[in-house]
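In: how would this look folded up:
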Amino acid sequence: MALDDDIERVLWTEKQISERVSDLAFQISNDFRTQSSTPVFVGVATGACLFLADLVRKISLPLTVDFIRAESYGYGTESNGNPRVSLDFKIDVAGRHVILVEDIVDTGHTLSRLIAHLKTKGAYSVSVCTFLDKPSRRKVSINLVGEGKFYWGFECPDYFVVGYGMDFAELYRNLPYIGILKPELYK
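Out: Residues are numbered from 1 along each chain as shown. This next block holds a predicted model:
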């Protein structure tokens, strides 16, 4: 099975991804350089794992890393609109700057749920760094905590995309690029 054969078109190449991740890391490093506490990077498993790994390796600050898992898609292509936290992080975030690292922000339901969860845990601020942003599909407003900022890699058109950690039915995460999955494979 050749995964590349299932891709209709590549949106962002491995080189473009690497360059954009470097830009984001530089921006975040500059924004958090003067903070007194070490920021906590919380990756949303499993889709953000590759992006998180590449991002934190390029951050020029001391940091800690943890993961949280939220489920809202199952094996489909549409969020169910009611995400739940199925695996919580272990680091105490009370009084700390948290940067929530997402693979893609679509409707905003999952992200809003995770920000609210971090707020209940006492995070001083919550920023978001998403690899892809789909503002055209947003259904809820994103309300950051404290002096939180919203960082994004690329604005994604309204296609179902896979690669660089993002999947369909747990496949395609290992593609080194972002591509549009052929619709006949999921419709």
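
In: quick one, longest helix in the chain?
Out: Longest helix in the chain by number of residues (criterion: DSSP state H): helix 14-32.

In: Can you give the strand pairings for the helix or strand that it is followed by, parallel or anti for each?
Out: Downstream of helix 14-32, the next assigned helix or strand under DSSP states H and E is strand 40-45. Counting by DSSP bridges, the strands paired with strand 40-45 are strand 64-71 (parallel), strand 97-105 (parallel).

In: Quickly compare the ones you listed and say which is most buried.
Out: Comparing the strands paired with strand 40-45 by mean neighbour count (mean count of other CB atoms under 10 Å), strand 97-105 comes out on top with a mean of 25. For the C-beta atoms, the positions are set from N, CA and C on the backbone; glycine is no exception.

In: Show residues contacting the next helix or strand after it.
Out: Beyond strand 97-105 on the C-terminal side, the first helix or strand identified by DSSP H and E is helix 109-120. If you take CB atoms under 8 Å, 6 or more residues apart in numbering as the criterion, helix 109-120 is touched by 42, 44, 68, 70, 72, 79, 81-85, 88, 93, 98, 100, 102, 105, 126, 128, 130, 139-145.

In: pLDDT-wise, which helix or strand of this protein ranks last?
Out: Here the helix or strand of the chain ranked lowest by mean pLDDT, DSSP states H and E is strand 84-87, holding a mean of 71.

In: Quantify the burial of the residue lying closest to Arg20 once chain neighbours are set aside by counting its neighbouring residues.
Out: Distances taken as CB to CB, 6 or more residues apart in numbering place Gly153 nearest to Arg20, at 4.8 Å, with adjacent residues excluded. By other CB atoms under 10 Å, 23 other residues sit near Gly153.

In: ok, now Thr110?
Out: Residues near Thr110, counting by other CB under 10 Å: 25.

In: What's the separation between it and Val145?
Out: Separation of Thr110 from Val145 (CB to CB, to the nearest Å): 16 Å.

In: where does this protein dip in pLDDT?
Out: For the chain, applying pLDDT under 70 flags the ranges 1, 72-81, 86-87.

In: Could you rerun that using 90?
Out: Counting by pLDDT under 90, the ranges of the chain that qualify are 1-2, 35-37, 45-46, 69-89, 186-187.
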